[in-house]
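Asker: Generate a structure from the sequence data that follows.
(one chain, ligands or ions: 1)
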Amino acid sequence: MARYTDVDELLKYIPSEEMMSRFAVAYAPIADVAPVKHGTWIENLSYEYNGDKVYDLICTNCGRSFKAEDWVRKDYHYCPYCGAKMEDGDNGL
Ligand SMILES: [Zn+2]
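Answerer: Model prediction:
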């Protein structure tokens, strides 16, 4: 599995006299990596219909919400609006 690091942070740990090491790090191949957004769902019961519960799921990262029935709400592991990865204990992540 590939591992990624922040080159600017790594250079802080290499002494300035280690020019060859600093050069190797600074000019290593660059991967196109995006930071992962993290969030959790705030769940509020919206209404009940024929015994089924419908919840408002509110993303803590972007604040947007949508309605989800009780039987599918645990399947939303990512926010459909901002892409944040949900990491609360209830959704298995
Ligand atoms: Zn979001």
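Asker: Now the residue of the chain positioned farthest from its centre: which helix or strand?
Answerer: Outermost residue of the chain with respect to the C-alpha centroid, by CA atoms, centre = their mean, is E17; its distance is 37.5 Å. Assigned by DSSP states H and E, E17 falls within no helix or strand.
Asker: and it, what pLDDT?
Answerer: E17 carries a pLDDT score of 95 in this model.
Asker: what do you get for D88?
Answerer: Taking D88 on its own, its pLDDT is 67.
Asker: Give me the distance between stretch 38-45 and the centre of its chain.
Answerer: 14 Å (CA atoms, centre = their mean, to the nearest Å).
Asker: Please tell me how far the residue farthest from the centre of the chain sits from the ion.
Answerer: 46 Å (CB to the ion, to the nearest Å). Quick note: C-beta positions are derived from backbone N, CA and C, even for glycine.
Asker: Am I right that Y78 is in contact with A84?
Answerer: Yes: if you go by CB atoms under 8 Å, Y78 and A84 touch, sitting 6.7 Å apart.
Asker: can you list residues touching both of these two?
Answerer: Listed contacts common to Y78 and A84 are nil; contacts here mean CB atoms under 8 Å, 6 or more residues apart in numbering.
Asker: Show me which of those two is the more surrounded one.
Answerer: A84 (20 against 15; other CB atoms under 10 Å).
Asker: Check the gap between W41 and E17 for me.
Answerer: Taking CB to CB, to the nearest Å as the measure, W41 falls 50 Å from E17.
Asker: got it, and V72?
Answerer: Distance check for V72 against E17: by CB to CB, it reads 58 Å.
Asker: Which residue comes closest to T60 once chain neighbours are left out?
Answerer: Of all residues not flanking T60 in the chain, G39 sits nearest, at 4.5 Å (CB to CB, 6 or more residues apart in numbering).
Asker: what does the chain have sitting close to the ion?
Answerer: Proximity of the chain to the ion is confined to C59, N61, C62, C79, Y81, C82, A84 under the rule CB under 5 Å from the ion.
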